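Student: prediction below, plus the sequence it came from.
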Amino acid sequence: MSKFDFIDKIKRILSKEDPNQIKSISCNFDILNKENQDFTYTNLINYWKTQTDKEDELYQEYNNINNFESDKGIGVVSLFYFKDNKKFLAIGKQGKDLFHFDLKCPQYQKVLSNAITSDNEIFVLTYWIL
C-alpha cells in the first residue's frame with residue numbers, strides 16, 4: 001500500500017469512526033530550550049526526542065505508538081491537538097512503519113478548542129487501524 005493510499009485509509013477511518021480513546025494531557029515543555037517552549041507540534045516532537053522520564057504521560061502516548069507491533073495488518077494512529085490549531089498532528093504505526101503527518105479534522109477541531117481550558121493542554125484521539 002502506498003503512503004497516499006494509507007493516508008486516504010486513515011482519513012476514511014476518521015470520517016466514519018469514533019475514536020477508541022480520547023484523553024487530555026497537560027504538557028510541560030520545560031526540558032526544551034527556555035526561549036522555545038511554545039506549545040507547537042514541532043516542540044512536541046522535540047519533547048519526545050529529549051524526554052527521558054518513562055513515566056511521563058505524554059511520552060508514554062508516543063512510546064506506545066512507536067513500540068506497537070502487529071503482523072496482522074492492525075495498526076494504531078493518534079491525533080494530537082493543541083487549542084485553536086488549524087491542523088492535527090497524526091502519529092501512527094502499521095506493521096513496522098511509523099508515520100506522521102498533519103491533517104485537518106474539522107469535525108473535532110471546534111469542539112476540542114472549546115473544551116481545552118489552558119494553552120498547555122493537548123487532546124489525544126486514538127484509533128485502531130483495521
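Tutor: Here it is on my side, so go on.

Student: need the longest helix for the protein.
Tutor: The helix spanning the most residues in the chain, taking DSSP state H as the definition, is helix 3-16.

Student: what ranges do the helices span in the chain?
Tutor: Assigned by DSSP H, the chain shows helices spanning 3-16, 41-50, 57-66, 106-115.

Student: so the third one versus helix 41-50, what angle?
Tutor: Just to be clear, that refers to helix 57-66. Counting by axes from the mean of the first three to the mean of the last three Cα atoms, to 10 degrees, helix 57-66 lies at 80 degrees to helix 41-50.

Student: list the buried residues in helix 57-66.
Tutor: Buried residues in helix 57-66, defined by neighbour count with 16 or more other Cβ atoms under 10 Å: L58, Y59, E61, Y62, I65. From N, CA and C alone the C-beta is placed, and that goes for glycine too.

Student: looking at those, which is nearest I7?
Tutor: Of all the buried residues of helix 57-66, I65 has the smallest distance to I7: 16.2 Å, by Cβ to Cβ.

Student: what's near enough to touch that closest one?
Tutor: Neighbouring residues of I65 by Cβ atoms under 8 Å, 6 or more residues apart in numbering: V76, V77, S78, I91, G92, K93, L98.

Student: rerun at 10 Å
Tutor: Listed by Cβ atoms under 10 Å, 6 or more residues apart in numbering, the contact partners of I65 are G75, V76, V77, S78, I91, G92, K93, L98, F99, H100, T126.

Student: pLDDT-wise, which helix or strand of this protein ranks last?
Tutor: helix 3-16 (a mean of 82; mean pLDDT, DSSP states H and E).

Student: now that helix - C-alpha only, CSV.
Tutor: Extracted as CSV, the C-alpha positions of helix 3-16 are listed here (Å, rounded to 0.1, in the frame of the first residue of the first chain):
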residue,chain,number,x,y,z
LYS,A,3,1.7,6.2,1.6
PHE,A,4,-1.0,8.1,-0.2
ASP,A,5,-3.4,5.1,-0.1
PHE,A,6,-2.6,4.7,3.6
ILE,A,7,-3.3,8.4,4.3
ASP,A,8,-6.6,8.0,2.5
LYS,A,9,-7.4,5.0,4.6
ILE,A,10,-6.7,7.0,7.8
LYS,A,11,-8.9,9.8,6.5
ARG,A,12,-11.8,7.4,5.9
ILE,A,13,-11.5,5.9,9.4
LEU,A,14,-11.5,9.4,10.9
SER,A,15,-14.6,10.4,8.9
LYS,A,16,-16.6,7.3,9.7
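
Student: I appreciate the help and will end here.
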